[in-house]
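K.L.:
Prediction below, plus the sequence it came from.
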Amino acid sequence: MKHKVCMASDFFYPNMGGVEEHIFNLSQCLLMKGYKVIVLTHSYKDRVGIRYMTNGLKVYYLPIKPFYNQCVLPSMVSSLPLIRYVLLREQITIIHGHSAFSTLAHETMMIGRLLGIQTVFTDHSLFGFADTSAIITNKFLEMSLADCNHCICVSHIGKENTVLRARVNHHRVSVIPNAVDTTAFVPKLELRTKDKITIVVVSRLVYRKGVDLLAQIIADVCLRNQKVQFIIGGDGPKRELLEDIRSNLNLGEQVNLLGSLEHSQVCNVLNRGHIFLNTSLTEAYCMAIVEAASCGLKIVSTRVGGIPEVLPPELIILTEPNVPSILQGLYKAINQVSSELGVPPIECHQKVQSLYNWMNIARRTEIVYNMVSLEPPKSLGKQLRSYISTGVYPFLLVVSFMHILLKILDWWIPRSDIDLAKDYKAENYQVNSNTSVSENQ
Amino acid sequence: MFLLNYYHPLMSCMTDVQNSKCRASNKHNGPDNGVIKSSHHYTKISKYQNGVIRNGHLKPWKKNLYSNEGYPDNYTDKSFLEELRKNLHVRKLTLLEAILGAGLITQRLCIVVIFALSFYALNCNQISPLFLLISTSSFSFMSYLLLYENSKIIPLWLLKSACAFVISGYILSPVLKTLTETISTDTIYATATVMMCVHLIFFDYGVSAVIVSTSLSLNAALFGSICLCSRLQTAFHVFVFITIAVQCFAVSPILLSPIKSSISILLSFVTVTLVLCTRVSSLLSGLFLCTAVFINLICPYYFVKWHSYKDNIYGPWDEAIVQDIKIKDFHID
């Protein structure tokens, strides 16, 4: 049986990041396998309506304005008619929500459950338990996942975290990592500088990515070692800090701040370096280090979250998240580069290629879809009962109200009145794995 | 155990439904006993898949994302939640420590009650204002000399500010007396009560909490006392009352800060306040005693008792804390 999958998330192209890439690549692979895939997201400025991307990936940019942090306001009611219409029109059989922060994903999954559609949820982030905001967010996640059929996490740490914070049975949580397009990230040794050792950093310049650590490391390494230069890609509120360091210490020649990068540029930036440095303070999977390893760079990274699980120990130098430890790791990597020790770039690329590819990820996601689609439909009573365990009783009222609204809509706009969308038929599926985007409509 | 765990993922959806009951009970137990429940869980599964259990050569499971071929994606290993840590930074308090901590609140409450009693005494003409002024001022002065005996000489700035306060307070007291005269007495009493509560809530008891605000607590108390001023009879009464207010709310925290909280100080505070209370009303003194017992005995008792329910979870998913950032040192280089 070929499922009709709806990927729902607030985060999608033209935004760029781990979640966006995951949705796009997974959708492409599922399309190649003959599934029907649509993406549901909110509008981005003037990008409203239906767009088609590579290989006929249909994207619905719903006319809902983002409200906070790129997310829509989860009113549960106001966008219900529209989401119901889309789901029925596309005859969706599985809803796949992405990212715990995405309110649109949770809302669509909730509506889908009430329409009798099976749901799968992928969690891309880690969360603590200590502060008030974490406690509230975790409660919301618990409410949302109480009736979700299956969860996917991108690392084993992510699974432990999700099981703890959303109180889902560990049996309903699968670990399926991200992958990397190894055909796009290939080593190009001719781009590397011969006389200098280049350290590349590509990340958003925010606190969580450890930019404060990075600033001190740059100062220390550059002053001690004139033959080392830094290339930093990405933008964010902490960029000023790096600029201050650069101007105060006169490191203009050694530190190159590129600003935000297009995803297509990342590969060329990575290939200019010998070492990739990641100073994240928390990370569920960290795609950047896999991309860099695929380009054959030496990886130095902090040992946080899911990072130790991602790469085999010969490809990565793990350090503690403090300055002395990272410096130690970095000097080890510099020594390896200057004396040409360690795994050579081409081998490194082949190794990553053997470990991660999107087709494998899609195959494993397919198993989850098959599993979920065999589950019997739940009655409203059973659904409501599964929310009771969260202890937030008013939420039962919200769900019931949504159910009543759906019943009213069934009478007002009957299912038989909704035009069914024709499936996109491509003449020849091209195995096109780069992230080029075509917009037909 | 490993062999039992190996089953075709497709089978799991059937067992998932079977296990929904088991899941519901697990939820109440909390997620931390996930490891225990897994054994129970998987033995159940084996019933449904005779023949699916293979005695193949599975490598032991490793916690990484690339080398676990043959294991289903929703496999949960024995090592699940192994790195979970609980209550790392919790300091267990003894009952005595808790009582002494609560004693700081009682101490503050006593001062507020004494202040209110002084208003009552002035308002009902039970005591001469001059006597009250001399007695309280000399008490403060004596305790200053006792507590700061190292600094034999009173610093000049202190004398200066004391003089400035006395002169300006004396000049301004007629103004303060008429300031809120038109407001009804009920409103005045209600405002003063609320302001004293605000003072008690936001006072700096030595705990670094977000709610603590020394300036708010001081200003609220002074605002409350200025409200009360207008009910007094003469400007001299007002001057005396303001002097007491400043001693209670501005001077006393500084005077009391070097003394460590101890049972004897606490008892003496409560006794003095109680004796003063009984001279006014027996109901009031009864209420005061109940409050003091509640704050000082019952609350600390339950605080210590309920400590065992504390359940802070820590693990590898927590955000690392950035330490030793000293980029400024590099600026000097």
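P.N.:
Received, thanks.
K.L.:
What does the pLDDT read for A:Asp46?
P.N.:
For A:Asp46, the pLDDT comes out at 90.
K.L.:
same thing with B:Tyr42?
P.N.:
Per-residue confidence (pLDDT) for B:Tyr42: 37.
K.L.:
Could you do B:Lys328 as well?
P.N.:
B:Lys328 is given a pLDDT of 47.
K.L.:
in which helix or strand would I find B:Asp186?
P.N.:
helix B:185-202 (DSSP states H and E).
K.L.:
Give me the distance from that helix to the chain's centre.
P.N.:
Relative to the centre of its chain, helix B:185-202 is centred 20 Å away, using Cα atoms, centre = their mean, to the nearest Å.
K.L.:
so what secondary structure elements neighbour the helix or strand just after that helix?
P.N.:
Following helix B:185-202 in sequence order, the next helix or strand is helix B:214-229 (DSSP H and E). In terms of contacts (3 or more Cβ pairs under 8 Å, 6 or more residues apart in numbering or on different chains; DSSP states H and E), helix B:214-229 is packed against helix B:95-123, helix B:156-179, helix B:185-202, helix B:235-246. Heads up, the C-betas are built off the backbone N, CA and C, glycines and all.
K.L.:
Do a quick rundown of the strands in the stretch 101-250 of chain A.
P.N.:
For the stretch 101-250 of chain A, applying DSSP state E, counting those that start in this stretch gives strands covering A:118-123, A:150-153, A:173-175, A:197-202, A:228-233.
K.L.:
Same list (these) but as a markdown table, adding mean neighbour count.
P.N.:
Output for the strands of the stretch 101-250 of chain A, formatted as a markdown table (neighbours: other Cβ atoms under 10 Å in any protein chain shown):
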| stretch | mean neighbour count |
| --- | --- |
| strand A:118-123 | 26 |
| strand A:150-153 | 27 |
| strand A:173-175 | 24 |
| strand A:197-202 | 24 |
| strand A:228-233 | 21 |
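K.L.:
These: which one's closest to chain B?
P.N.:
Between chain B and the strands of the stretch 101-250 of chain A, the shortest gap by Cβ to the nearest Cβ is with strand A:173-175, which sits at 3.7 Å.
K.L.:
what about whichever residue of the stretch 101-250 of chain B sits closest to chain A, how many neighbours?
P.N.:
Here the stretch 101-250 of chain B gets closest to chain A at one residue, B:Val210, 10.4 Å apart by Cβ to the nearest Cβ. When counting by other Cβ atoms under 10 Å in any protein chain shown, one arrives at 5 neighbours for B:Val210.
K.L.:
got the residues of the stretch 51-200 of chain B near chain A?
P.N.:
For the stretch 51-200 of chain B, the contact set with chain A under Cβ under 8 Å from any Cβ of the partner chain comprises B:63-67, B:72-74, B:76, B:80-81, B:83-84.
K.L.:
Would you mind finding the most buried of the helices and strands packed on helix B:214-229?
P.N.:
helix B:235-246 (a mean of 22; mean count of other Cβ atoms under 10 Å in any protein chain shown).
K.L.:
pLDDT (mean, whole number) over it?
P.N.:
Mean predicted confidence for helix B:235-246 is 94.
K.L.:
next structured bit after that helix?
P.N.:
helix B:252-256.
K.L.:
Pull the distance from that following helix to the chain's centre.
P.N.:
On Cα atoms, centre = their mean, the centre of helix B:252-256 falls 20 Å from that of its chain.
K.L.:
which residues are in contact with whichever helix or strand comes after it?
P.N.:
Note on helix B:252-256: by DSSP H and E, the next helix or strand toward the C-terminus is helix B:263-278. The contact list for helix B:263-278 (Cβ atoms under 8 Å, 6 or more residues apart in numbering or on different chains) reads B:99-100, B:103, B:106-107, B:110, B:113-114, B:117, B:259, B:284-285, B:288-289, B:292, B:296.
K.L.:
Any idea which of those residues the model trusts least?
P.N.:
Within the contacts of helix B:263-278, pLDDT is lowest for B:Ile259, at 78.
K.L.:
From chain A, how far off is the closest residue to that residue other than its chain neighbours?
P.N.:
Nearest residue to B:Ile259, sequence neighbours excluded (Cβ to Cβ, 6 or more residues apart in numbering or on different chains): B:Ile265, at 6.4 Å. When distance is defined by Cβ to the nearest Cβ, to the nearest Å, B:Ile265 is 36 Å away from chain A.
K.L.:
count of residues packed around B:Ile265?
P.N.:
The number of residues near B:Ile265, taken as other Cβ under 10 Å, comes to 15.
K.L.:
before we move on, what about B:Leu276?
P.N.:
18.
K.L.:
Let me know the pLDDT of it.
P.N.:
At B:Leu276, pLDDT is 92.
K.L.:
now swap in A:Asn428 and tell me
P.N.:
51.
K.L.:
just B:Ser25 next, same as before
P.N.:
37.
K.L.:
show me what contacts the residue nearest to A:Phe12 when sequence neighbours are not counted?
P.N.:
Nearest non-adjacent residue to A:Phe12, counting by Cβ to Cβ, 6+ apart: A:Thr41, 4.1 Å away. A:Thr41 makes contact with A:8-12, A:59-62, A:104, according to Cβ under 8 Å, 6+ apart.
K.L.:
Please go through chain A and pick out the longest helix.
P.N.:
helix A:394-412 (DSSP state H).
K.L.:
What is the burial count for the residue in the stretch 251-400 of chain A positioned nearest to chain B?
P.N.:
For the stretch 251-400 of chain A and chain B, the shortest gap (Cβ to the nearest Cβ) falls at A:Pro321, measuring 3.7 Å. By other Cβ under 10 Å, the residues close to A:Pro321 number 21.
K.L.:
Excluding covalently adjacent residues, which one is nearest to it?
P.N.:
A:Pro321 sits nearest to B:Ala320 (Cβ to Cβ, 6+ apart), 3.7 Å away.
K.L.:
For the one you found, give me its contacts.
P.N.:
A:210, A:281-282, A:302, A:304, A:321.
K.L.:
try 6 Å this time
P.N.:
Contacts for B:Ala320 (Cβ atoms under 6 Å, 6 or more residues apart in numbering or on different chains) come out as A:281, A:304, A:321.
K.L.:
Surely the second one touches A:Tyr285?
P.N.:
I take that to be A:Val304. No - applying Cβ atoms under 6 Å as the test, A:Val304 and A:Tyr285 come out as separate, 11.5 Å apart.
K.L.:
what about the residue of the stretch 251-400 of chain A closest to chain B, distance to A:Tyr387?
P.N.:
38 Å (Cβ to Cβ, to the nearest Å).
K.L.:
shaky segments in chain A?
P.N.:
A:1, A:426-441 (pLDDT under 70).
K.L.:
for chain B, same thing?
P.N.:
For chain B (pLDDT under 70), the answer is B:1-57, B:149-153, B:324-333.
K.L.:
A:Gln336 contacts A:Val343, doesn't it?
P.N.:
No - applying Cβ under 6 Å, one finds A:Gln336 not in contact with A:Val343, separated by 9.4 Å.
K.L.:
Show me whatever sits in contact with both of these two.
P.N.:
Joint contacts of A:Gln336 and A:Val343 (Cβ under 6 Å, 6+ apart) do not exist.
K.L.:
Apart from its chain neighbours, what residue comes closest to A:Asn278?
P.N.:
A:Ser301 is the one closest to A:Asn278 (Cβ to Cβ, 6+ apart), at 4.0 Å.
K.L.:
Sheet-wise, list the partners of the strand or helix carrying that neighbour with their directions.
P.N.:
Element membership for A:Ser301 (DSSP H and E) is strand A:298-302. Take DSSP bridges as the rule and strand A:298-302 pairs in its sheet with strand A:275-278 (parallel), strand A:316-319 (parallel).
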